[in-house]
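Visitor: This is a predicted model, with the sequence first.
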Amino acid sequence: MKIGQRRSKQRELILEELKGLTCHPTADELYERVRKRLPNISLGTVYRNLELLAENGIILKLETGGKNRFDGHAEPHPHIRCIQCGKVDDVMNEVIAPEINEVEARGYDVKGCSIEYFGLCPECQNKIQ
């Protein structure tokens with residue numbers, strides 16, 4: 001198998017694993033899942049492919065201030081993040097945000113939009129009580 005074909009298959013497998021999850025894993029967490037199906041894959045390969053997929057708008061990269069998390073659902077949508085453990089979940093209600101052209105009228109070149117709620121997840125709340 002040629003190098004380009006191998007890279008493409010690795011990328012497809014990484015994307016398949018990510019899209020099969022409802023959580024928002026870190027690259028390390030996704031690597032552990034992918035490695036079960038492709039034992040020789042490196043952590044660096046997973047990181048590089050996740051970055052490439054995010055740069056091309058195929059997945060979302062959630063920059064959480066700690067370890068980045070990834071979302072296989074690429075359409076912009078709100079998230080909620082636990083400030084204790086870093087867990088991220090989707091918020092599937094509609095959020096009304098200004099139209100991109102309204103923001104760009106202020107002179108910005110908009111590259112994306114993120115709406116994030118933050119608080120304590122149920123597990124962390126239970127640990128505190």
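Guide: Cool, the structure landed. Every value quoted in this text rests on a predicted model; they were computed, and no experiment measured them.

Visitor: N126 versus L53, what's the distance?
Guide: Applying CB to CB, to the nearest Å, the value for L53 to N126 is 34 Å. The C-beta positions use only the backbone N, C-alpha and C, and glycine is treated the same way.

Visitor: of those two, who's got more company?
Guide: Shown here are L53 and N126; by other CB atoms under 10 Å, L53 has more neighbours (20 against 9).

Visitor: How far off centre is the host helix or strand of R81?
Guide: Element membership for R81 (DSSP states H and E) is strand 79-82. Strand 79-82 sits 12 Å away from the centroid of its parent chain (CA atoms, centre = their mean, to the nearest Å).

Visitor: list the buried ones in it?
Guide: Residues 79, 81-82 are the ones in strand 79-82 that count as buried (16 or more other CB atoms under 10 Å).

Visitor: who touches that strand?
Guide: For strand 79-82, the external contacting residues (CB atoms under 8 Å, 6 or more residues apart in numbering) are 24, 62, 64, 71, 87-91, 114-121, 124.

Visitor: helices and strands of this structure: which one has the lowest mean pLDDT?
Guide: The helix or strand of the chain with the lowest confidence, counting by mean pLDDT, DSSP states H and E, is helix 100-104 at a mean of 80.

Visitor: Return the alpha-carbon coordinates of that helix using CSV.
Guide: The C-alpha coordinates for helix 100-104 follow below in CSV (Å, rounded to 0.1, in the frame of the first residue of the first chain):
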residue,chain,number,x,y,z
ILE,A,100,-21.9,36.7,9.8
ASN,A,101,-22.3,39.7,7.5
GLU,A,102,-23.5,41.9,10.4
VAL,A,103,-20.2,41.1,12.2
GLU,A,104,-18.1,41.4,9.1
